[in-house]
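Peer 1: Sequence below, structure please.
(chains A and B)
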Amino acid sequence: MLWINTKRILKLGFINFWRNSIVSIASVLTMAVTLFVIGSLYIGAAFLNSSLEEVKNKVDISVSFKVDASDDEIISLKKDLSLQPEVKAVDYIGRDQELADFKESHKDNAILLQSLEETGNPFGARLNIKAVDPAQYDAVARFLVNRNDPSLGGKSIIDQISYKKDVVDKLIGLIATSKKVGMAISIILILLSILVTFNTISLAIYISREEISVMRLVGAGESYVRYPFLVEGIISGVLASFLSLALLYPATLWVRDATAGVFGGINLASYYINNFAQIFLLLSGCGIILGIIASFWATRKYAKV
Amino acid sequence: MIYFDKVSKKYPNSVALQDITFSIESGEFVSIVGHSGAGKTTLLKMILAEDNPTSGKVFFDSQDVHALSKRALPKIRRRIGSVFQDVRLLPNKNAYENIAFLMEVAGRTDQEIASDVPHVLDLVGLGDKIWSFPHELSGGERQRIAIARAIINQPDLLIADEPTGNLDPINTAEIIEIFKKINSIGTTVILTTHNKKIVDNLGKRVLTLDHGVLSRDDKSGKYAI
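Peer 2: This next block holds a predicted model:
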């Protein structure tokens, strides 16, 4: 019996969806706009996060050592640094490597290379330090200054500590602001589009309120009156998610082309393709849930007799 | 089967029913007559619990229909076949589906539906309009679909509000014959009508409403307004 009822309710939902084609198209289109907004915000946010992550990774503290600093002392400092909770990674670049790098980048300057041959290797070794969070670079720098201060028991082996404090500060500010603004815009846009979808679906059910009252008067129970509308809501949600997925791809391509001159192209399109399954699940899930909740709410409101 | 206990229905500016008390036994054929606005439709709405009385109670098989739970009410309504004054077919369903819908909600099998629906449509003379949608049918045809829908589940009670209002005399006679036949197999029938000829020919019980008051109750009465 349950199976027969389910089958009949599904069939009623599909037939209603098909026969109320204009209302159904309107629901699918408004829902698709909502899902498109959700999808773009999701891709945008993910992309923003990954770009910020990349910028964060490009910022590091570079510590140059004096030429007479021994490898042991540097390795011991590296080990201590690695134990600091705020430090994510420490790279050691030896003196020879420094020289080789310098030669490589100045290979066209014969005079410079010649003079290097005469003076010997003037470079000290170097450590490149990446912090877990850019806000922690100050702490890392302070740790290094303390280690290098002979009056505090350390030995002065560091020649120079360099990191772009202003860039780091700006980056920290940018991350915090973009997260806040992004969240606020997302919430407003999502709420607005959900409201519009709710309105369209309830209008569709409002149009059918006479029909609903007849169904009730001839003895249809809750399931036969309301569930076909839920089925319609689910169909709208699924179709709207397909439509919004289809629209998102050209939109990401457009963003890539439009921003080509600025950043060398934000490649949202490849993000979209690489995370398609996740985006598909998000949008179809949102579509189905939205369809069910809106239909459930509207049938409750308009299906009384 | 039906018992009205001092039922009144008042609207802010009018009184539709006033202190109505009567009972209808199982198997009766009752005509309700009265001028337009006398309260006939309101009275039928009370039986279906489509509207609530201002005071008093309406019982269907000893159950107060206005005190039933949300789950119990559809079960009672499934035992009542209704022909509404304004027909009220489901606009997005064709003739077949309009009737099949009632069988589906009553839990009848697909085989029963496939065999009974064409049969009942033949009975009301619309066997050739089985796939037509309400908007493709005439007023009289819609009325007959509504009658087919009301009798498909062999209800215990059939209530028909002006069922012959849109029909020509031949169709009217056919429909009344169908009602008599249904009544003869045990279904209680309540019919409201303005048609004097129908009431006189039936020679069955007649309730007369006058401005919301039950003014006459004749066991084998005639149309007397």
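
Peer 1: Chain A against chain B: which residues are in contact?
Peer 2: Residues of chain A lying near chain B by CB under 8 Å from any CB of the partner chain: A:1, A:4-5, A:8, A:15-16, A:19-20, A:210-211, A:214-222, A:224, A:305. Quick note: C-beta positions are derived from backbone N, CA and C, even for glycine.

Peer 1: Which among the residues you listed count as buried?
Peer 2: The neighbour count (16 or more other CB atoms under 10 Å in any protein chain shown) marks A:5, A:8, A:15-16, A:20, A:211, A:214-221, A:224 as buried among these.

Peer 1: what's the distance between the residue positioned nearest the centre of chain B and residue B:62?
Peer 2: By CA atoms, centre = their mean, the mean C-alpha position of chain B lies nearest to residue B:159, the distance being 1.9 Å. Separation of residue B:159 from residue B:62 (CB to CB, to the nearest Å): 18 Å.

Peer 1: Mind giving me the packing neighbours of whichever strand or helix holds residue B:181?
Peer 2: Residue B:181 belongs to helix B:169-184 when assigned by DSSP states H and E. Under the contact criterion of 3 or more CB pairs under 8 Å, 6 or more residues apart in numbering or on different chains; DSSP states H and E, helix B:169-184 touches strand B:29-33, helix B:139-151, strand B:157-161, strand B:188-192, helix B:196-202.

Peer 1: Relative to chain A, which of those is closest?
Peer 2: For chain A, the closest of the helices and strands packed on helix B:169-184 is helix B:139-151, at 7.3 Å, according to CB to the nearest CB.

Peer 1: CA atoms only: put that closest one into CSV for me.
Peer 2: Extracted C-alpha coordinates of helix B:139-151, given in CSV (Å, rounded to 0.1, in the frame of the first residue of the first chain):
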residue,chain,number,x,y,z
GLY,B,139,-21.5,22.8,-18.2
GLY,B,140,-23.9,19.8,-18.4
GLU,B,141,-21.0,17.4,-19.2
ARG,B,142,-19.0,18.8,-16.3
GLN,B,143,-22.0,18.3,-14.0
ARG,B,144,-22.3,14.7,-15.1
ILE,B,145,-18.5,14.0,-14.5
ALA,B,146,-19.0,15.4,-11.0
ILE,B,147,-21.9,13.0,-10.5
ALA,B,148,-19.8,10.1,-11.7
ARG,B,149,-17.0,11.2,-9.3
ALA,B,150,-19.5,11.3,-6.4
ILE,B,151,-20.8,7.8,-6.9
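
Peer 1: So that helix, near chain A or not?
Peer 2: Yes. Helix B:139-151 is in contact with chain A by CB under 8 Å from any CB, via residue B:149.

Peer 1: per-residue confidence averaged over that helix?
Peer 2: What helix B:139-151 shows for mean pLDDT is 92.

Peer 1: Give the buried residues for that helix.
Peer 2: So for helix B:139-151, counting by 16+ other CB under 10 Å, buried means B:140, B:141, B:142, B:143, B:144, B:145, B:146, B:147, B:148, B:149, B:150, B:151.

Peer 1: got a markdown table for the residues you listed, with distance to residue A:150 too?
Peer 2: Below are these laid out as a markdown table (distance: CB to CB, whole Å):
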| residue | distance to residue A:150 |
| --- | --- |
| B:140 | 111 |
| B:141 | 107 |
| B:142 | 104 |
| B:143 | 108 |
| B:144 | 109 |
| B:145 | 103 |
| B:146 | 103 |
| B:147 | 108 |
| B:148 | 105 |
| B:149 | 101 |
| B:150 | 104 |
| B:151 | 107 |
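
Peer 1: shaky segments in chain B?
Peer 2: Low-confidence regions of chain B, defined here as pLDDT under 70, do not occur.

Peer 1: How about the residues of it by chain A?
Peer 2: Checking chain B against chain A by CB under 8 Å from any CB, the hits are B:48, B:50, B:70-71, B:74-80, B:82, B:84, B:88-93, B:97, B:101-102, B:104-107, B:109-110, B:149.

Peer 1: Among those residues, which ones are in helices?
Peer 2: Counting by DSSP state H, the part of the residues of chain B next to chain A found in helices is B:48, B:74-78, B:97, B:101-102, B:104-105, B:110, B:149.

Peer 1: most neighbours, which of those?
Peer 2: Looking at these with neighbours defined as other CB atoms under 10 Å in any protein chain shown, the largest count falls to residue B:149 at 28 neighbours.

Peer 1: Mind jotting down where the strands sit in chain A?
Peer 2: Assigned by DSSP state E, the strands in chain A fall at A:61-65, A:87-93, A:126-131, A:158-162.

Peer 1: Figure out which of those is closest to residue A:298.
Peer 2: Checking the strands of chain A against residue A:298 by CB to CB gives strand A:87-93 as the closest, at 51.3 Å.

Peer 1: Name every strand pairing with the closest one and say which way it goes.
Peer 2: The sheet places strand A:87-93 alongside strand A:126-131 (antiparallel), with pairing taken from DSSP bridges.

Peer 1: With only the CA atoms kept, save the partner strand in PDB.
Peer 2: Extracted in PDB, the C-alpha atoms of strand A:126-131 (Å, rounded to 0.1, in the frame of the first residue of the first chain):
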ATOM      1  CA  ARG A 126      69.900  31.800   4.700                       C
ATOM      2  CA  LEU A 127      66.800  30.400   6.300                       C
ATOM      3  CA  ASN A 128      63.400  31.100   4.800                       C
ATOM      4  CA  ILE A 129      60.600  30.800   7.400                       C
ATOM      5  CA  LYS A 130      56.900  30.400   6.800                       C
ATOM      6  CA  ALA A 131      54.500  31.100   9.600                       C
END
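
Peer 1: List the contacts of residue 5.
Peer 2: Because you didn't say which chain, this covers chain A. Residues in contact with residue A:5 (CB atoms under 8 Å, 6 or more residues apart in numbering or on different chains) are A:223, A:224, B:107.

Peer 1: Actually, chain B is the one I wanted.
Peer 2: Residue B:5 neighbours (CB under 8 Å, 6+ apart): B:21, B:56, B:57, B:58, B:59.

Peer 1: same thing but 10 Å
Peer 2: Shown in contact with residue B:5 (CB atoms under 10 Å, 6 or more residues apart in numbering or on different chains): B:19, B:20, B:21, B:22, B:23, B:53, B:55, B:56, B:57, B:58, B:59, B:64.

Peer 1: Turn those residues into JSON lines, columns for distance to residue A:122.
Peer 2: What follows is these, written out as JSON lines (distance: CB to CB, whole Å):
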{"residue": "B:19", "distance to residue A:122": "115"}
{"residue": "B:20", "distance to residue A:122": "113"}
{"residue": "B:21", "distance to residue A:122": "116"}
{"residue": "B:22", "distance to residue A:122": "117"}
{"residue": "B:23", "distance to residue A:122": "116"}
{"residue": "B:53", "distance to residue A:122": "105"}
{"residue": "B:55", "distance to residue A:122": "107"}
{"residue": "B:56", "distance to residue A:122": "109"}
{"residue": "B:57", "distance to residue A:122": "107"}
{"residue": "B:58", "distance to residue A:122": "106"}
{"residue": "B:59", "distance to residue A:122": "109"}
{"residue": "B:64", "distance to residue A:122": "104"}
